[in-house]
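1. here is my input, please return the structure:
(2 chains)
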Amino acid sequence: MDTGTPGELVQLLTPEGERVHHRDYDIDLADHEYRELFRDLCMVRRIDLEATALQRQGELGLWASLLGQEAAQVGSGRALAGDDFAFPTYREHGVAYTRGVDPLDLLALFRGVSNGGWDPREKNFALYTIVIGNQCLHAVGYAMGVQMDQARAHADQAGAVVAYFGDGASSQGDVNEAFIFAASFNAPVVFFCQNNQWAISEPLEKQTRVPLYRRAAGFGFDGVRVDGNDVLAVLAVTRAHLAAARGGGGPSMIEAFTYRMGAHTTSDDPTRYRLASDLEAWRLKDPVERVRSFLWRQQLADQSFFDEVESQAQDLAVRLREGCRSMPDPVPDVIFRNVYAEPHQQVQEEQADYARYLSGFEGLDTAAGQVRR
Amino acid sequence: MTEKVTLARALNLGLRRAMELDDRVILIGEDIGKLGGVFRITDSLQKDFGEHRVIDTPLAESGIVGAAVGLAMRGYRPVVEIQFDGFVYPAFDQIVSQVAKLHARTSGDLEMAMVIRIPYGGGIGAVEHHSESPEAYFAHTAGLRVVSPSNPVDGYWMVQQAISCADPVVFLEPKRRYWEKADLDVLAAPEPLFRGRVARAGTDVTLACYGPMVRTCLDAAAAASADGVEIEVVDLRTLSPLDIDLVCASVLRTGRLVVAHEATTFLGMGAELAAMVTERCFYELQAPVGRVGGFHTPYPPSRLEEHYLPDLDRVLDAVDRTLAY
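-> Got it, this is the predicted structure:
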């Protein structure tokens, strides 16, 4: 398998936290913006750690950890402008955070309280998509809609679209159809592949013989591989590709080269299929620690800043823990609501029948109570 | 304002009218632009409305429906054309996993207002995969609505009503009836989309059908009448929701029910109707609910399709068996 060469990787921050430069992509942030990126990384990692703990304690049915992928998600998420729209998989907790989704809404999904969680149009962030690759086509269709709006001279309705997917999804028909549609219509969409090397137990070489970003060439658009554990490089590259898409440059693909440090989900046992030594090698490339080193090295932050971020993360963890444990189950009537936008006789009859059935039990109110989106 | 039109022409007129009334309505599919679709249902619409509203896509059905989801999220009302029944399966994942569920998953925030038009059914001597009746798959899926017009007048109105509906509608067009004609009055008041209709009144047995089988059943009723048997033909028009009240009201009059469709009888619409009518009209039924339809086999080579498709004689045979009780 051709794994690519080191020179193909866009990097602006070495694993040691040293700032380096790239001929095609660069970034120059204000001091506080570097600090805010670090804060994001820490908050996202804390959300993930807390959720994993809540699953272990039986509060969540499942959790898909993003451990190791914080930079890929925060960097790309922070590259999005307000009008841009993102289509996530089920692991995009970091992107969700940058889009202003309350982490409790993510927990509700994995707790089994909701199948959604937020209004996609309010957050410009689609719902999590569990069927692998489906969302890439939605992203292209949405981007085609953006183009149509522009063709109708709604000049204020600009914006690009990001489709998130993984190395496993790159084998799916829908993802490849999305590439073809996007190319055919020159749609303003950035395909953002987090190559975390694993599709549950299947390694990257089961999915591809060439570096994933090079596949873009076969579909007729640009592809680039970025160090997915380098938040600066991810931010710079995603910004550039979003700007190109907004400017009529059509689709492109970013492969964020990273590593899934945790299990696929809490139901998985990665010790059955991968070596601890691989994990050790990637631990040295940690996305959070390299920014911490950079901030120290450049004297962009002092101990009080790091203490303050730690304290904020701690507060968030407490809020998530308490919020999750006190989250009520939805009322049974929710099953029947919003299946259709307009009345549907069979659903209405079943709804009434089940309410009648439940009314035979004492103390059960099927329709009253808190409803989580 | 009455004009004699074919079903194909009526659908074309209906699509045109919907596009005139709402500029968010866009058509998306394979060969629907310059060619006007393989059945010419979208004839000249791209010329009149432009390439931004009548979109020829790459040849990938999941891609078409998946893109339509994104377009609907952006506020458009996509009308998808799937070229033939047997080619909808690559899009089945998007239809069942995404189109059907997104309204509920977003607690009603998003509407998947989309129409998926599928020419369906046999009887045109086609090659494999061009004669199938997949309606039960879609009717079985919560979140989808499934309708099928049987004649030009319904075709004209129902396609517009489906486009106006806030829910996703699988719109099944009986392809062997595309060229049958009827008088269309575009100023008449349409019937509601999600209601069936008594297509012919009768007293002895109810014959429920939809889409391509309605013509066959009306012919069967005419033949039976000559023998003194009065069949009441119910054109269901909508399969999800199912207008069960109309069927039951008819069964209360006749005491007997036969369901006819081209699709495989086993686990088909007839099975659901038999169960529902038995639950609701048990004491009024004079005979078990009869079914006549396709066999539990792959659709045969076209030289054998007249054996597979229920024709007038097989429908009457089922009626006779029901009347024998």
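
2. what about residue A:229, how many neighbours?
-> 28 (other C-beta atoms under 10 Å in any protein chain shown). Where C-beta positions appear, they are placed from N, C-alpha and C, glycine not excepted.

3. got a list of what it touches?
-> By C-beta atoms under 8 Å, 6 or more residues apart in numbering or on different chains, the residues touching residue A:229 are A:15, A:68, A:71-72, A:258-259, A:282, A:285-287, A:290.

4. now do residue A:284
-> Contacts of residue A:284 (C-beta under 8 Å, 6+ apart): residue A:15.

5. quick check: pLDDT value at it.
-> With respect to pLDDT, residue A:284 has a value of 96.

6. what ranges do the strands span in chain A?
-> All strands of chain A, identified by DSSP state E, fall at A:9-10, A:85-87, A:161-166, A:189-195, A:198-199, A:202-203, A:222-227, A:252-257.

7. need those in JSON lines (columns: distance to chain B).
-> Shown next, in JSON lines, are the strands of chain A (distance: least, C-beta to the nearest C-beta, whole Å):
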{"stretch": "strand A:9-10", "distance to chain B": "28"}
{"stretch": "strand A:85-87", "distance to chain B": "8"}
{"stretch": "strand A:161-166", "distance to chain B": "8"}
{"stretch": "strand A:189-195", "distance to chain B": "9"}
{"stretch": "strand A:198-199", "distance to chain B": "18"}
{"stretch": "strand A:202-203", "distance to chain B": "20"}
{"stretch": "strand A:222-227", "distance to chain B": "19"}
{"stretch": "strand A:252-257", "distance to chain B": "17"}
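
8. got CSV for those strands, with mean neighbour count and mean pLDDT too?
-> Formatted as CSV, the strands of chain A follow (neighbours: other C-beta atoms under 10 Å in any protein chain shown; pLDDT from 0 to 100):
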stretch, mean neighbour count, mean pLDDT
strand A:9-10, 22, 96
strand A:85-87, 29, 98
strand A:161-166, 29, 98
strand A:189-195, 30, 98
strand A:198-199, 20, 96
strand A:202-203, 14, 96
strand A:222-227, 23, 98
strand A:252-257, 28, 98
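
9. give me the neighbour count for the residue lying closest to residue A:341 once chain neighbours are set aside.
-> Leaving out its chain neighbours, the residue that sits closest to residue A:341 by C-beta to C-beta, 6 or more residues apart in numbering or on different chains is residue B:166, at 3.6 Å. Here the number of neighbours of residue B:166 (other C-beta under 10 Å) works out to 14.

10. and residue B:166, how far from residue A:250?
-> Look at residue B:166 and residue A:250: by C-beta to C-beta, to the nearest Å, they are 33 Å apart.

11. do the same with residue B:26
-> Relative to residue A:250, residue B:26 is positioned 20 Å away (C-beta to C-beta).

12. which one's more surrounded, those two?
-> When residue B:26 and residue A:250 are compared for neighbours, residue B:26 comes out ahead with 23 against 19, by other C-beta under 10 Å.

13. residues in contact with that one?
-> A:148, B:52-55, B:71, B:76-79.

14. do residue B:36 as well
-> B:42-46.

15. can you check residue B:152 too?
-> Applying C-beta under 8 Å, 6+ apart, the residues near residue B:152 are B:5-7, B:9-10, B:180-182, B:184.

16. domain ranges for chain B?
-> B:2-185, B:197-323 (automatic domain parsing).

17. any idea whether the nearest residue to residue B:265 once chain neighbours are set aside is helix, strand or coil?
-> Closest residue to residue B:265 apart from its sequence neighbours, by C-beta to C-beta, 6+ apart: residue B:293 at 3.9 Å. Counting by DSSP: H, G, I helix; E, B strand; the rest coil, the backbone at residue B:293 sits in strand.

18. ok, residue B:293 touching residue B:258?
-> No. Here residue B:293 lies out of contact with residue B:258, judged by C-beta atoms under 8 Å, at a distance of 10.5 Å.

19. show me which of the two is the more surrounded one.
-> residue B:258 (29 against 25).

20. that one reaches residue B:291, doesn't it?
-> Yes. Residue B:258 is in contact with residue B:291 according to C-beta under 8 Å; the separation is 7.2 Å.

21. need the residues touching each of these two.
-> Common neighbours of residue B:258 and residue B:291 are listed as residue B:318 (criterion: C-beta under 8 Å, 6+ apart).

22. in chain B, where's the longest strand?
-> Counting by DSSP E, the longest strand found in chain B is strand B:257-264.

23. circling back: reformat the domains of chain B as TSV; add mean pLDDT and distance to residue A:320.
-> Listed next are these as TSV, based on pLDDT from 0 to 100; distance: least, C-beta to C-beta, whole Å:
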stretch	mean pLDDT	distance to residue A:320
domain B:2-185	98	22
domain B:197-323	98	41
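
24. measure residue A:320 to chain B for me?
-> Using C-beta to the nearest C-beta, to the nearest Å, one obtains 22 Å as the distance from residue A:320 to chain B.

25. need the contact list for the residue nearest to residue B:123 when sequence neighbours are not counted.
-> Excluding the flanking residues, the one nearest residue B:123 by C-beta to C-beta, 6+ apart is residue B:176, at 3.7 Å. The contact partners of residue B:176, by C-beta under 8 Å, 6+ apart, come to B:121-124, B:212.

26. redo that, cut-off 10 Å
-> With contact set as C-beta atoms under 10 Å, 6 or more residues apart in numbering or on different chains, residue B:176 has these partners: B:7, B:119-126, B:131, B:211-212, B:215-216, B:262, B:309.

27. residue B:76 and chain A, how far apart?
-> Distance from residue B:76 to chain A, by C-beta to the nearest C-beta: 6 Å.

28. and for residue B:293 and residue B:258, which residues touch both?
-> Common contacts of residue B:293 and residue B:258 (C-beta under 10 Å, 6+ apart): B:209, B:270, B:318.
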